[in-house]
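J.: need a 3D model of the following:
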Amino acid sequence: MKGIVLVLWIIFLVVLENVVRKKLNIPKQTGWNSKYVNKSHKWGTRAIIISYIIVTMICSFLNPIYISNLPILFLITLYCFQSYMEWKFDKESREYVISLGTVPTLIITGIILNLFFYSYWI
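T.: Sure thing, here's the model as predicted:
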């Protein structure tokens, strides 16, 4: 049952992204995170990834119970940064709408994962 809910949620997100792209005339981006708008975007993304690795190593030693939340927090941070950079430096592509829309879906996905799969507080 839990797996079915997660699969249905992922299918819903894929369909929703396709509908938004068609409705707003946003072309599909090739590859995952393959387009940087400038060097600041590229280096900022790398800094976030390196910070994530360091924080993961620190949390794994100090309190491993919080490590299940780190991937979602990392993705939220990364997509917020990506949305800002795309909005600030590449407004005409309107890709920032998709990136910014990804943030609430990641929050909901994190809640679903924590409730169904990492329910250590219950």
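
J.: so where's this protein uncertain?
T.: Across the chain, the ranges flagged by pLDDT under 70 are 31-34, 118-122.

J.: ok, now with 90
T.: The model of the chain has pLDDT under 90 over residues 1-7, 9, 26-37, 57-72, 90-95, 99, 106-122.

J.: show me what contacts Phe81?
T.: By C-beta atoms under 8 Å, 6 or more residues apart in numbering, the residues touching Phe81 are 44-45, 48. The C-beta positions use only the backbone N, C-alpha and C, and glycine is treated the same way.

J.: mind checking which helix or strand it is in?
T.: If you go by DSSP states H and E, Phe81 is part of helix 70-89.

J.: pull the distance from that helix to the chain's centre.
T.: Put simply, helix 70-89 sits 7 Å off its chain's centre (C-alpha atoms, centre = their mean, to the nearest Å).

J.: buried residues in it?
T.: Neighbour-count burial for helix 70-89, counted by 16 or more other C-beta atoms under 10 Å, picks out 72, 74-76, 78-83, 85-87.
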